[in-house]
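1. One predicted model, sequence on top.
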Amino acid sequence: MNLFSDIRTLVVDALDALVAEGALPAGLDYAGVTVEPPRDALHGDMATNAAMVMARPAGLKPRDIAEMLAAKLLADPRIVAADVAGPGFLNLGLDARVWCAIIPAALEKGADFGRSTLGAGRKVNVEYVSANPTGPLHVGHTRGAVFGDALASLLDFAGYQVTREYYINDGGAQVDVLARSVYLRYLEANGQEVQFPDGTYPGSYLVAVGEALKDKYGDALVDEPESEWLEKLRDFSTDAMMDLIRADLASIGVRMDVFYSEKSLYGTGLIEAALADLDSKGLIYEGVLDPPKGKQPEDWEPRVQTLFKSTLHGDDVDRPVKKSDGGWTYFAPDIAYHFDKVQRGFDELIDVFGADHGGYVKRMKAAVSALSDGRVPLDIKLTQLVKLYKNGAPYKMSKRAGTFVTLRDVVDQVGPDVTRFHMLTRKNDAPLDFDFDKVQEQSKDNPVFYVQYAHARICSVLGKAAAAGIDTGRETLLAADLSEIRHDAEVKLVRKIGEWPRLLELAAVNHEPHRLAFYLYDLASDFHALWNRGNELPELRFLQESNPQRSVAKISLISAVAVVLSAGLGILGVTPMKEMR
């Protein structure tokens, strides 16, 4: 039940009626008509821009259209007020019974309340994390993992068919470095003293990999030249690191549908096929790029390369796909990988990158646009840095990793729920501060505690109601007399519940799961405010021992709150607590 969508339908029907009467011209486009909460709650329950949008094509003043529209809308019993504001916005007041109908709708649907058909089954690929398989995931990967996973769950809830995907960067030189680093740990496991040269990975997480290698080969590789063991160790080390990464992801509830190997693109004809597709469209040519803008590097020299005409699809410059020595650029396998996604039949692609990949956005969008002939949109979401603090100071070092704080460091200290929720308390492209002390506070200033505490409080009320002999069964709550819900603080809470279906669709359309975290905090705040008002006004308390009928009505209200809190936390991958420890 999306009440905002229902009222928008009412507005459109009223516009159609005005057209039928000749008050408005035929053929108007209603696509820009919205119904949304007003900026100021004192202005009403909802506001529509219909008169503003229709004014120019209709050749009329916005206020004149708004006044005609108001008269039509007031004829519907759901609308109790329709006030023209400013140049022509129309503020609407709804009958309280309309809002209260949200309560049984939420209880009836349960965990599916707000679930949408917006996506209409469209296939969406969400690629996230995709870290180099050279070590454990660090805290920056954590933010991308949580954001991507929450976005995938949100899109699934909104009716899309979602594939969660991890791109394993196992085709580059960094995997050779990993293999050499593991070999050093292997020598160490065989009793040798080793030094880690600059550029290798000294983290202790490779100790176990070196020991596993010894268990497999004994000392057979100790005196072998690199040419004999490098390829073996590439695969062995990558597999070990991916096992570690899968375990790290599982620790925060992230499970991928697909792990796609970059290495599978080489020597299989996939890169050649992707570039042949671009070539068939006249987008591949041999040419010389202009020197970089600004100060020209001393070692720069013009050279002929194979280039992709990415500027024809919105990029700033054309991009090389093959170097002058005949080797592929880093961009070539990325083109092939996204070509494969298009070939797999996805209707939309979403890539979640770290902020350091910002320069890659335009070229990848251009590639997907060219490969799909503009049919498949690619949205690239950049996640900004996470700054860690502990005991009032920056927190930087992980002995296990050697140079950085790992995902597991964070989860081990604060738990997966706190980690996930807090990573979504800022928009993905805004920097995020993660203070280990503050995220564990039991206060209103800690969003995850405040939201979980609201759910736990509701569970506590239900337990006390059962102890008092008040029936809180589903059928009883669905049949509650909601005329008992009449105080402003109660109606405010009902209205907030009513925003949930609309909020879900907006978050899904804009690929912004952080909106859910913000909303859940606001919903929890409204609930806690009503709880506190009950300390001052006994008639607002949820349990009215002398009036079981009123108790059932109030419990039906807070049970609907619990439905939304549970559903929202579930999408974000956070546990709705039944009691707080």
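-> Cool, the structure landed.

2. Surely residue 389 is within a strand?
-> Yes - counting by DSSP: H, G, I helix; E, B strand; the rest coil, residue 389 is located in a strand.

3. Distance-wise, check it relative to residue 382.
-> Separation of residue 389 from residue 382 (C-beta to C-beta, to the nearest Å) stands at 23 Å. Every residue, glycine included, has its C-beta placed from N, CA and C.

4. do the same with residue 194
-> 38 Å.

5. Also residue 183?
-> From residue 183 to residue 382 the distance is 36 Å (C-beta to C-beta).

6. any idea how far residue 564 is from residue 105?
-> From residue 564 to residue 105 the distance is 11 Å (C-beta to C-beta).

7. So those two - more neighbours on which side?
-> residue 564 (26 against 20; other C-beta atoms under 10 Å).

8. Does that one touch residue 499 like I think?
-> No - shown here, residue 564 and residue 499 do not form a contact pair, counting by C-beta atoms under 8 Å, at 9.5 Å.

9. hang on, the earlier thing: out of residue 183 and residue 382, which sits in the busier spot?
-> residue 183 (24 against 17).

10. What strand or helix carries the closest residue to that one other than its chain neighbours?
-> Sequence neighbours aside, residue 233 is the residue nearest to residue 183 in space, at 5.9 Å (criterion: C-beta to C-beta, 6 or more residues apart in numbering). Using DSSP states H and E, residue 233 sits within helix 226-251.

11. try residue 480
-> Residue 480 belongs to no helix or strand, assigned by DSSP H and E.

12. Please give me every residue in contact with it.
-> 103, 104, 549, 552, 553, 555, 556 (C-beta atoms under 8 Å, 6 or more residues apart in numbering).

13. Tabulate those (CSV), appending pLDDT and neighbour count.
-> Shown next, in CSV, are the contacts of residue 480 (pLDDT from 0 to 100; neighbours: other C-beta atoms under 10 Å):
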residue, pLDDT, neighbour count
103, 96, 26
104, 96, 17
549, 91, 12
552, 95, 24
553, 95, 23
555, 96, 24
556, 97, 25
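
14. Next, the contact list for the nearest residue to residue 487 once chain neighbours are set aside, please.
-> Leaving aside its chain neighbours, residue 487 sits nearest to residue 540 (6.0 Å; criterion: C-beta to C-beta, 6+ apart). Applying C-beta under 8 Å, 6+ apart to residue 540 gives the contacts 487, 489, 490, 530, 533, 534.

15. can you pull the pLDDT of residue 540?
-> Residue 540 carries a pLDDT value of 91.

16. Now name the helix or strand holding residue 361.
-> Using DSSP H and E, residue 361 maps to helix 361-371.

17. So which elements touch that helix?
-> helix 270-280, strand 305-308, helix 331-343, strand 348-354, strand 378-383 (3 or more C-beta pairs under 8 Å, 6 or more residues apart in numbering; DSSP states H and E).

18. so what's the backbone phi/psi at residue 162?
-> The phi and psi torsions at residue 162 (degrees, to the nearest 10) take the values phi -110, psi 140.

19. can you pull the contacts of it?
-> 124, 125, 126, 152, 155, 156.

20. List phi and psi for residue 74.
-> phi -70, psi -20.

21. ok, the closest residue to it other than its chain neighbours - contacts?
-> Leaving aside its sequence neighbours, residue 74 sits nearest to residue 82 (C-beta to C-beta, 6+ apart; 5.2 Å). By C-beta under 8 Å, 6+ apart, residue 82 lies in contact with 69, 70, 71, 73, 74, 90, 91, 92, 93.

22. Pull the helix holding residue 361 out as PDB, backbone CA atoms only.
-> Taking Å, rounded to 0.1, in the frame of the first residue of the first chain, the C-alpha atoms of helix 361-371 are listed here in PDB:
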ATOM      1  CA  VAL A 361      33.800   6.400 -14.600                       C
ATOM      2  CA  LYS A 362      33.500   8.100 -18.000                       C
ATOM      3  CA  ARG A 363      35.500   5.500 -19.900                       C
ATOM      4  CA  MET A 364      33.500   2.600 -18.500                       C
ATOM      5  CA  LYS A 365      30.200   4.300 -19.100                       C
ATOM      6  CA  ALA A 366      31.300   5.000 -22.700                       C
ATOM      7  CA  ALA A 367      32.300   1.300 -23.200                       C
ATOM      8  CA  VAL A 368      29.000  -0.100 -21.900                       C
ATOM      9  CA  SER A 369      27.100   2.500 -24.000                       C
ATOM     10  CA  ALA A 370      29.000   1.500 -27.100                       C
ATOM     11  CA  LEU A 371      28.800  -2.300 -26.400                       C
END
